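S.K.: What follows is a predicted structure for the sequence shown.
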Number of protein chains: 2
Amino acid sequence: MITTKNCIIRLSRYKNALYRLQALGFVKFFSDNLADAVGVTAAVVRKDFSVFGISGNKKGGYQIETLLEKLNSILGKDRLQKVVVIGAGHIGSALMRYRGFEKEGIKIAAGFDIDPSKVNRSSPVPILPLEEIKGFIKSHGIKIAVLTVPDIAAQEVVDIISASGIKGVLNFAPLRLKSPEGCIINNVNLEIELENLIYFVNVMEKTK
Amino acid sequence: MITTKNCIIRLSRYKNALYRLQALGFVKFFSDNLADAVGVTAAVVRKDFSVFGISGNKKGGYQIETLLEKLNSILGKDRLQKVVVIGAGHIGSALMRYRGFEKEGIKIAAGFDIDPSKVNRSSPVPILPLEEIKGFIKSHGIKIAVLTVPDIAAQEVVDIISASGIKGVLNFAPLRLKSPEGCIINNVNLEIELENLIYFVNVMEKTK
DNA sequence: CCCTTATTGTGAAAAATATAACATTATGAT
DNA sequence: ATCATAATGTTATATTTTTCACAATAAGGG
């Protein structure tokens, strides 16, 4: 199923919202319930569903349980996803300790750092020397890496890990990386996010 | 100047790319140089510039220094931007220690946490009790907050800080917050970013 | 059993965004 | 001084995305 990044982000939000609705005791929902919960319109919800051949019952809405199964299957959440974190600095270490991924079925299999003093094979998420990453990726069949190395090292690391089998990179280094053939790079750029916020806050202040 | 979020993100990227070009010794550039550096087309660069009344010289391109001044002014980088971080957990603490903001003219004025054991008034970024946030925001004129509290607390905190004068929130809690009147919320959702990557990597694998 | 109502599913319209095309103009060579 | 060239700036075109509108239809009441 081919579609846009935004659409898939919405699917994730639908999934999360449905879990919340389910926790509140709901069993079924209508497109406008979900739309409200996620902050889109009902038409968008139904359109997104139709792209993936998801159908409900006229006048009856959708079953939460069925929908969650479908969304989880689409999003690959019906199996454990193993990822590695590269760079055990402030951000990388925080991600390795963050509990939020577990409950989403995402397991950080290991961290890697070039600095030998950071290596710790016995921590909950073992931190290994960068030299071992190639072998680790291959032997564990890891497809996804989170990159929190200094920007100067980022491109080199991407090229190495992509050659070792990584297909997707979540990049925290504040620069745009050239993505090797067959490798998807999503960027999380906190500086730019803040700049953006600052810009729009300033604009709001001025036009007020 | 009213425009889209994507356009402003591109301005940030232009700025970053121009600094890199400048560091390499360049003094001027053409729209296609910058386009290559940022990963867009030359037409987009010129279009974005024209939206902000930025002009260059036919056949001569643009002066990096002049451009940087303009971009920095548009993005509010001609003055120090003070922000607060709310929530001193793993992610919040990492952000407070992260050096990347400083060089972008963004200063984390303080962190806040509801847990008294996290309070530390003498650390480089002082961590203060959450009760003090209202006064701090007002007395320091803070407009921007980074929110790294547990999702269950996020909406309440947003409502409080918005009432105290916060106009922009960078939210790390993995749920969509209702933005109070006059308050902009940008979301950084790491779980969703990873899910997204996982989806597209899977799609790629299948269609291969 | 029919009629009203509420909701889906989709096709068409509108809006937003990105791309391309090209007329304009400054530069430098002849 | 004129001409060819190279790059801008903007208008036009195409594409993508969102929104709207409504026909189809299942459920429930009378």
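M.R.: Here it is on my side, so go on. Just so it is clear, the structure is predicted and the values come from calculations on it, not from any experiment.

S.K.: which non-adjacent residue is nearest the spatially most central residue of chain A?
M.R.: Of all residues in chain A, the one closest to the mean position by Cα atoms, centre = their mean is residue A:170, 7.6 Å from it. Of all residues not flanking residue A:170 in the chain, residue A:146 sits nearest, at 4.7 Å (Cβ to Cβ, 6 or more residues apart in numbering or on different chains). Just so you know, the C-beta spots here come from the backbone N, C-alpha and C atoms, and that holds for glycine as well.

S.K.: Residue A:91 versus that neighbour, what's the distance?
M.R.: Relative to residue A:91, residue A:146 is positioned 9 Å away (Cβ to Cβ, to the nearest Å).

S.K.: Equivalent analysis for residue A:77, please.
M.R.: Remark: distance between residue A:77 and residue A:91 (Cβ to Cβ) = 24 Å.

S.K.: okay, the two: which has more neighbours?
M.R.: Applying other Cβ atoms under 10 Å in any protein chain shown to residue A:77 and residue A:91 shows that residue A:91 carries more neighbours, namely 24 against 20.

S.K.: Wait, the more buried one touches residue A:170, no?
M.R.: No - with contact defined as Cβ atoms under 8 Å, residue A:91 does not reach residue A:170; the gap is 11.2 Å.

S.K.: Now residue A:60. Its backbone dihedrals?
M.R.: For residue A:60, the backbone dihedrals are phi -110, psi -10 (criterion: degrees, to the nearest 10).

S.K.: burial of it, as a residue count?
M.R.: By other Cβ under 10 Å, the residues close to residue A:60 number 9.

S.K.: longest strand in chain A, by residue count?
M.R.: The strand that spans the most residues within chain A, counting by DSSP state E, is strand A:106-113.

S.K.: Show the residue spans covered by the helices in chain A.
M.R.: Taking DSSP state H, the helices of chain A run over residues A:5-23, A:31-38, A:42-51, A:64-74, A:90-97, A:133-140, A:151-163, A:190-206.

S.K.: Now render those as JSON lines, adding mean pLDDT and distance to DNA strand C.
M.R.: Shown next, in JSON lines, are the helices of chain A (pLDDT from 0 to 100; distance: least, Cβ to the nearest atom of the strand, whole Å):
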{"stretch": "helix A:5-23", "mean pLDDT": "94", "distance to DNA strand C": "11"}
{"stretch": "helix A:31-38", "mean pLDDT": "93", "distance to DNA strand C": "4"}
{"stretch": "helix A:42-51", "mean pLDDT": "94", "distance to DNA strand C": "4"}
{"stretch": "helix A:64-74", "mean pLDDT": "95", "distance to DNA strand C": "10"}
{"stretch": "helix A:90-97", "mean pLDDT": "96", "distance to DNA strand C": "27"}
{"stretch": "helix A:133-140", "mean pLDDT": "97", "distance to DNA strand C": "32"}
{"stretch": "helix A:151-163", "mean pLDDT": "96", "distance to DNA strand C": "23"}
{"stretch": "helix A:190-206", "mean pLDDT": "91", "distance to DNA strand C": "13"}
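
S.K.: distance of the residue nearest to residue A:17 when sequence neighbours are not counted from residue B:38?
M.R.: Closest residue to residue A:17 apart from its sequence neighbours, by Cβ to Cβ, 6+ apart: residue A:37 at 3.9 Å. Residue A:37 sits 36 Å away from residue B:38, going by Cβ to Cβ.

S.K.: Next: residue A:141.
M.R.: To residue B:38, residue A:141 is 34 Å away according to Cβ to Cβ.

S.K.: Pick out whichever of these two has more residues nearby.
M.R.: residue B:38 (19 against 9).

S.K.: how does chain A divide into domains?
M.R.: Using automatic domain parsing, the domains assigned to chain A come out as A:5-74, A:81-192.

S.K.: DNA strand D is nearest to which of these?
M.R.: domain A:5-74 (3.8 Å; Cβ to the nearest atom of the strand).

S.K.: Within range of DNA strand D, give me the residues from chain A.
M.R.: Residues of chain A found near DNA strand D (Cβ under 7 Å from any atom of the strand) are A:4, A:6-7, A:40-41, A:43-44, A:46-47, A:57-60.

S.K.: now with 10 Å?
M.R.: Residues of chain A found near DNA strand D (Cβ under 10 Å from any atom of the strand) are A:2-7, A:9-10, A:31, A:35, A:40-48, A:50-51, A:56-61.

S.K.: tally of neighbours for residue A:145?
M.R.: Residue A:145: 29 surrounding residues under other Cβ under 10 Å.

S.K.: what pairs with it across the strands?
M.R.: Beta bridges link residue A:145 to residue A:84, residue A:169 when assigned by DSSP bridges.

S.K.: what sits against it?
M.R.: Residue A:145 makes contacts with A:83-86, A:137, A:161, A:166, A:168-170, as judged by Cβ atoms under 8 Å, 6 or more residues apart in numbering or on different chains.

S.K.: got the CA coordinates for the longest strand of chain A in PDB?
M.R.: Output of strand A:106-113 as PDB, limited to C-alpha atoms (Å, rounded to 0.1, in the frame of the first residue of the first chain):
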ATOM      1  CA  ILE A 106       9.900  -1.200  20.100                       C
ATOM      2  CA  LYS A 107      13.000  -2.700  21.700                       C
ATOM      3  CA  ILE A 108      16.300  -1.000  21.700                       C
ATOM      4  CA  ALA A 109      18.500  -4.000  21.200                       C
ATOM      5  CA  ALA A 110      21.800  -2.200  21.900                       C
ATOM      6  CA  GLY A 111      23.500   1.200  21.900                       C
ATOM      7  CA  PHE A 112      26.800   2.000  20.300                       C
ATOM      8  CA  ASP A 113      29.500   4.600  20.900                       C
END
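
S.K.: Who are the packing partners of that strand?
M.R.: Counting contacts by 3 or more Cβ pairs under 8 Å, 6 or more residues apart in numbering or on different chains; DSSP states H and E, strand A:106-113 is packed against strand A:81-86, helix A:90-97, strand A:127-129, helix A:133-140, helix B:190-207.

S.K.: which residues sit against the second one?
M.R.: Outside of helix A:90-97, the residues within contact range by Cβ under 8 Å, 6+ apart are A:85-86, A:88, A:101, A:108, A:111, A:113, A:124-125, A:127, A:146, A:148-149, A:172, B:90-91, B:93-95, B:97-98, B:190.

S.K.: Just the buried subset of those, please.
M.R.: With neighbours counted using 16 or more other Cβ atoms under 10 Å in any protein chain shown, the contacts of helix A:90-97 contain these buried positions: A:85-86, A:88, A:101, A:108, A:111, A:113, A:125, A:127, A:146, A:148-149, A:172, B:90-91, B:93-95, B:97-98, B:190.
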